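Chemist: Predicted model and sequence follow; I will ask about them next.
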There are 2 protein chains.
Amino acid sequence: MGIDALDGRLITLLAQEPRIGVLEASRRLGVARGTVQARLDRLQAGGVIRGFGPQVDPAALGYPVTAFATLEIRQGQGSDVRAHLATVPEVLELHTTTGEGDMLCRLVARSNADLQRVIDRVVGFEGIVRASTAIVMENPVPLRIIPLVEQAARDE
Amino acid sequence: MGIDALDGRLITLLAQEPRIGVLEASRRLGVARGTVQARLDRLQAGGVIRGFGPQVDPAALGYPVTAFATLEIRQGQGSDVRAHLATVPEVLELHTTTGEGDMLCRLVARSNADLQRVIDRVVGFEGIVRASTAIVMENPVPLRIIPLVEQAARDE
DNA sequence: GTTTTCGCTGGACACCCTGCCCAGTCGACG
DNA sequence: CGTCGACTGGGCAGGGTGTCCAGCGAAAAC
């Protein structure tokens, strides 16, 4: 896809102040409204901006504990395990990876005690051979994208 | 905080169709517009909804490779390492964890070859003793929150 | 049992943003 | 030099937003 400096500024602006509309954004960026609209359409059509869904904080929902679990899967059971994990609400994301484990998933729980329940539910399944869990203590860099956007805009 | 069924439906609705406004949402949910506005204000004030920033896809930006790196840190160098990693745009998030490693970070890169450059930059720093990297192959469950929201709404 | 409180309803108002269109300009490219 | 693409600045109708308000019903407090 590729984005230019104006795209980068637009994305950054929207990330900082999502409530502003197209008109206000055009004023801030010093371009015509139609330009902002065209850029937004292009970014969304190109998949760079997937959407503007609400960003929900699991902690505020009562799930302050985050953990990452590395799973080792029995040969050929991958898709079963995927389907199983997809049914667990506390599994926020799941990746298949190279390296020591076969899968890596992000979990949340109501407490450390509750995490045990979640892990039992995750691991209590045929195809999972072994699981090792790392509990998150701090989150010095929360999920971010702006620095990468600026990098991508610089590289053109 | 705690959310009820209406909050849950509202969040789900906004996640599915972010473009609809307060008025349209109130029609879909079958409640008065003021109610939706009040709920939204409360959810945002309570931190449940952090915002409506654009969701940017790193792959579409030219960074299709994702990896997770487990870092082992030299005693007492934690904050230096944090500061260092915060300056690397390809580091999308960073957690300090219990377990084998001391930190876990999510990386993206332009290619497998480029990942080497990123890792070199990440690891090329005093306080990092050891790093082990897992490259993401598939992402069967992309970062999601709706199932958890529904769970939280059920539990009241 | 009454009274208070609180959240929801339905309606009102002015404001202005959105989606859409268009003609004109400018720079890059063939 | 002509064409194409992108940006500008403007206009238009429609409707959504922010913000009030009075009324109401249920749950909680007294």
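Modeler: Sure, I can see it. Residues are numbered from 1 along each chain as shown, chains lettered A, B, ... in the order given.
Chemist: Show me how chain A divides into domains.
Modeler: Per the record, chain A has its domains at A:5-54, A:65-135, by automatic domain parsing.
Chemist: doesn't residue A:133 fall inside a strand?
Modeler: Yes - assignment of residue A:133 by DSSP: H, G, I helix; E, B strand; the rest coil places it within a strand.
Chemist: what's the closest non-adjacent residue to it?
Modeler: Using CB to CB, 6 or more residues apart in numbering or on different chains and skipping the chain neighbours, the partner closest in space to residue A:133 is residue A:69 (4.7 Å). Backbone N, C-alpha and C define where each C-beta goes, glycine included.
Chemist: what's near enough to touch that neighbour?
Modeler: Each residue near residue A:69 by CB atoms under 8 Å, 6 or more residues apart in numbering or on different chains is listed here: A:104, A:105, A:107, A:119, A:122, A:131, A:132, A:133, A:134.
Chemist: among these, which ones are buried?
Modeler: A:104, A:105, A:107, A:119, A:122, A:133, A:134 (16 or more other CB atoms under 10 Å in any protein chain shown).
Chemist: so can I have JSON lines of those residues showing secondary structure?
Modeler: Converted to JSON lines, the buried ones among the contacts of residue A:69 look like this (three-state DSSP):
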{"residue": "A:104", "secondary structure": "strand"}
{"residue": "A:105", "secondary structure": "strand"}
{"residue": "A:107", "secondary structure": "strand"}
{"residue": "A:119", "secondary structure": "helix"}
{"residue": "A:122", "secondary structure": "helix"}
{"residue": "A:133", "secondary structure": "strand"}
{"residue": "A:134", "secondary structure": "strand"}
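Chemist: Make sure residue A:25 is actually in contact with residue A:12.
Modeler: No - judged on CB atoms under 8 Å, residue A:25 makes no contact with residue A:12 at a distance of 10.8 Å.
Chemist: Among these two, which residue is more densely surrounded?
Modeler: In this view residue A:25 and residue A:12 are compared by other CB atoms under 10 Å in any protein chain shown, and residue A:25 has more residues nearby, 21 against 17.
Chemist: does the more buried one count as helix, strand or coil?
Modeler: Assigned with three-state DSSP, residue A:25 falls in the helix class.
Chemist: And for it, nearest residue in space, chain neighbours not counted?
Modeler: Leaving aside its sequence neighbours, residue A:25 sits nearest to residue A:36 (CB to CB, 6+ apart; 5.1 Å).
Chemist: where's the closest residue in space to residue A:8 that isn't next to it in sequence relative to DNA strand C, distance?
Modeler: Nearest non-adjacent residue to residue A:8, counting by CB to CB, 6+ apart: residue A:153, 2.9 Å away. Plainly put, residue A:153 is 19 Å away from DNA strand C if you go by CB to the nearest atom of the strand, to the nearest Å.
Chemist: With residue A:21 instead?
Modeler: 2 Å.
Chemist: Just give the number of residues close to that residue.
Modeler: 9.
Chemist: quick one: low-confidence ranges for chain A?
Modeler: Residues of chain A meeting the criterion pLDDT under 70: A:156.
Chemist: quick one, strands of it?
Modeler: Ranges of strands within chain A are A:49-51, A:55-56, A:65-73, A:91-97, A:103-109, A:128-141, based on DSSP state E.
Chemist: Need the residues that contact the shortest one.
Modeler: In other words, strand A:55-56. Outside strand A:55-56, the residues within contact range by CB under 8 Å, 6+ apart are B:11, B:48, B:49, B:50, B:51, B:52, B:53, B:145, B:148, B:149.
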